[in-house]
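Participant: from the sequence below, what's the structure:
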Amino acid sequence: EAICWARPACVGRLNPDTQRRLLPGTAGGNTTWDACLITARRVVYIASLMSSSLVSAIMEQGLVSYLANILSFPEDQLRTVICLLLSYPFAFFLKGISSPTIKHIYGTVIGLAFCTWCLGPWAWIHSFISGTVSYLMMKYLPMRYQHYVVFVFVMGYISVSHIYRMYTDYMGWTLDFTGSQMVLTLKLTSMAFNYYDGNRKDKDNITEEMQRRAIRKLPSLLEFYGFIYFFPTFIAGPSVEISDYLTYMDRSMFKDKACNGQIPSTFMPTMVTLGKAILCVPFLFISNSVFPPSFILTQTFRDLPVLEKIGRIHLHAMLTRFRYYFAWFLTEGSCTACGMGYFGYEERKASDGRTYLAKKFSRFTNVHPLKIETALNTRDVAVNWNIRTSDWLRNYVYIRVTPPGSKPSAMSSVATYATSAFWHGFYPGYYIFFIASFFLTEVGKEGRRKLRPYFIRSDGSYKQPAKLLYDIVGCFGILWHLSFFGLSFLYLGFQQSLILWPQFYYIPHLNLVVAWLVLKFLVPTPRNPTSPYPVQRSATATTRTRKEL
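Facilitator: Sure thing, here's the model as predicted:
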């Protein structure tokens, strides 16, 4: 009878009394209400079929796999996005816990759960082994070189991990433990250097920023594992300093006149950052379906006019960058939600003239898309792209390889880019991109030092429209060359780059080398600071501190 209630066509199989009870319009009845009832029951039947099909599909494939098929989105990446979204409510809950011990345990458990569900049941073992060994090195090796040993060990660990990944998933983009291990590499190396800075004897060579990050003693094992598996940053970053983690856990981070020891409200800053991530979503689908980077390697692209090729190169690379913008905004929002994103305050004036304290939540800001897409030089790109990793490279590589009191040389840049390349992996595309980035950086330095002064008057004002033209040429040249060589970073392999380069007759490569040679050795530096074209420098710029560098 239940089947016949939903399927009126089956009613004829029943006796007349049952027909009248189920459908009064049958076996003698005939009313409009009966017709409506039959239609409603047919809708219920169709819905039941659809729901049963949906349930069976979910049971067969799993909910995440089913959603991945519907959205045409890789399942591993969807799991990562789900973890990043789930970290928001967990982060808000963490904000309300007062006990540091419970916080450490809570953060560690959630981080391990995310790692197991997202990266695999045994993915956590790598972070546990490398983290534990690094901790023992910091604890028992002599202070004067423990930080170097830890640096070599974790860089070696991530290098072996990259080689293993190339063996098991060559040219693949499947997410596995190597992503979280890359973030952990930043955490462990920075912690080792911070521990050294807190106990070093040559205090004259320590900058104010080094002192802020330094720690005098090692954290306990509970604090250490809480630091490693801190769930808002474990899966996809950004990296967190051990000093920031500890001051957040005991709430000493908030002992200023703006917070008075209490974690400030984080709801609105979190929603703003989450909104930025949501704004990136349409560009993700456009990049995947309309302008995928793989189009550059097709015969259709080869047949395009040269000017359209030039525009397409930048368009495809620019849209691909929104994948990173999306992920970094999501992780930044999670860090902001728990309160660790708090980065002090600044005094501002209201419209009525009153002064108030504006809280800043920029500690984990990892990207400034507008500044990147309108950058005038490579420095503008470097300081606004993957900011936390750039900060690590600057403070723990670039500055550390520069002798105290000396000006960073080209070798400092070489060491920095080489470290960044090893940290990313061993695909040829990474090294193509970072070698090109080195030349772009050097061209930018020389151009700013030798060409820019000619567009500035003696009083510091700009010569227009010459300065505007200089900026436009610089912006287009830098961004296009970054997009051109950035495609090699995305393609990973060398053969894919060889498909693209001959179409432009290797002119971008010649541009970089020739521009560097000309600016480095042929173009003279303006020598007279009182001439109409002086090099504009402040009194402190000639003796820049290691912190400023």
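
Participant: after the lengthiest helix in the chain, next one along is what?
Facilitator: Among all segments of the chain classified by DSSP state H, the helix with the greatest residue count is helix 306-338. Stepping forward along the backbone from helix 306-338, the first helix or strand reached (DSSP states H and E) is strand 345-349.

Participant: tell me which residues of that following strand are tucked away?
Facilitator: Applying a neighbour-count criterion of 16 or more other Cβ atoms under 10 Å, one finds Tyr345 buried in strand 345-349. Backbone N, C-alpha and C define where each C-beta goes, glycine included.

Participant: and the helix or strand just after that strand, what's buried?
Facilitator: Next helix or strand after strand 345-349 toward the C-terminus (DSSP H and E): strand 355-359. When burial is assessed from 16+ other Cβ under 10 Å, strand 355-359 yields the following buried residues: Lys359.

Participant: and strand 355-359, what other elements does it pack with?
Facilitator: strand 345-349 (3 or more Cβ pairs under 8 Å, 6 or more residues apart in numbering; DSSP states H and E).

Participant: hey, C-alpha coordinates of the strand it packs on in PDB?
Facilitator: In PDB, the C-alpha atoms belonging to strand 345-349 read as follows (Å, rounded to 0.1, in the frame of the first residue of the first chain):
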ATOM      1  CA  TYR A 345      47.800  48.600  17.400                       C
ATOM      2  CA  GLU A 346      48.200  52.000  16.000                       C
ATOM      3  CA  GLU A 347      46.800  55.300  17.000                       C
ATOM      4  CA  ARG A 348      44.300  56.900  14.600                       C
ATOM      5  CA  LYS A 349      42.100  59.900  14.600                       C
END
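
Participant: picking up where we left off before, any idea of the mean pLDDT for the longest helix of the chain?
Facilitator: Averaging pLDDT along helix 306-338 yields 95.

Participant: show me what that helix is packed against.
Facilitator: Short answer (3+ Cβ pairs under 8 Å, 6+ apart): helix 306-338 packs on helix 75-95, helix 231-234, helix 267-289, helix 369-373, helix 466-491.

Participant: mind listing what's buried in the longest one?
Facilitator: Read it as helix 466-491. Taking 16+ other Cβ under 10 Å as the basis for neighbour counts, the residues of helix 466-491 that come out buried are 467, 470-471, 474-475, 477-491.

Participant: tell me what angle the longest helix of the chain forms with helix 267-289.
Facilitator: Angle between the axes of helix 306-338 and helix 267-289 is 150 degrees (criterion: axes from the mean of the first three to the mean of the last three Cα atoms, to 10 degrees).

Participant: show me the shaky parts of this protein.
Facilitator: The chain contains residues with pLDDT under 70 at 1-61, 527-549.

Participant: rerun at 50
Facilitator: For the chain, applying pLDDT under 50 flags the ranges 1-3, 5-7, 25-29, 529-549.

Participant: quick test: name the residue nearest the centre of it.
Facilitator: Central residue of the chain (Cα atoms, centre = their mean): Trp328, 3.7 Å from the mean position.

Participant: residues touching that one, list them.
Facilitator: Residues touching Trp328, when contacts are defined by Cβ atoms under 8 Å, 6 or more residues apart in numbering, comprise Gly237, Pro238, Asn366, Val367, Asn386.

Participant: how close does the residue nearest to Thr116 when sequence neighbours are not counted get to Val109?
Facilitator: In space, Thr116 comes closest to Trp124 once its chain neighbours are excluded; the distance is 6.4 Å by Cβ to Cβ, 6 or more residues apart in numbering. According to Cβ to Cβ, to the nearest Å, Trp124 stands 12 Å off from Val109.

Participant: and what of Val514?
Facilitator: In this view, Val514 and Val109 are 57 Å apart by Cβ to Cβ.

Participant: go through the contacts of Trp328 and name the one nearest Ser65.
Facilitator: Proximity to Ser65 was ranked across the contacts of Trp328 by Cβ to Cβ; first place goes to Gly237, at 26.1 Å.

Participant: that closest one contacts Asp391, correct?
Facilitator: No. At 11.7 Å, Gly237 does not count as touching Asp391 under the criterion of Cβ atoms under 8 Å.

Participant: higher neighbour count, those two?
Facilitator: Neighbours were tallied for Gly237 and for Asp391 using other Cβ atoms under 10 Å; the higher tally belongs to Gly237 (25 against 18).

Participant: tell me how far the more buried one lies from Asp380.
Facilitator: 22 Å.

Participant: what do you get for Cys83?
Facilitator: In this structure, Cys83 and Asp380 are 32 Å apart, going by Cβ to Cβ.

Participant: out of these two, which sits in the more crowded spot?
Facilitator: A direct count of neighbours by other Cβ under 10 Å for Cys83 and Asp380 places Cys83 higher, at 24 against 19.

Participant: contacts only, for the more buried one.
Facilitator: Cys83 is in contact with Phe114, Trp117, Cys118, Ile235, counting by Cβ under 8 Å, 6+ apart.

Participant: and the helix or strand containing the third one, how far out from the chain's middle?
Facilitator: Element membership for Cys118, per DSSP H and E: helix 100-119. Between the centre of helix 100-119 and the centre of its chain there are 21 Å (Cα atoms, centre = their mean, to the nearest Å).

Participant: could I get the full set of helices for the stretch 101-250 of the chain?
Facilitator: In the stretch 101-250 of the chain, the segments counted as helices under DSSP state H, counting those that start in this stretch are 124-140, 143-168, 177-199, 208-213, 221-228, 231-234, 242-249.

Participant: and the ones you listed, which is most packed in?
Facilitator: By mean neighbour count, with neighbours taken as mean count of other Cβ atoms under 10 Å, helix 231-234 ranks first of the helices of the stretch 101-250 of the chain at a mean of 29.

Participant: can you list contacts of that helix?
Facilitator: The contact list for helix 231-234 (Cβ under 8 Å, 6+ apart) reads 87, 90-91, 107, 110-111, 114-115, 127, 180, 183, 228, 239-240, 331, 334-335, 337-338, 340, 364.

Participant: repeat for stretch 354-363
Facilitator: Identification of contacts with stretch 354-363 by Cβ under 8 Å, 6+ apart yields 244, 257-259, 264, 266, 269, 335-336, 340-350.
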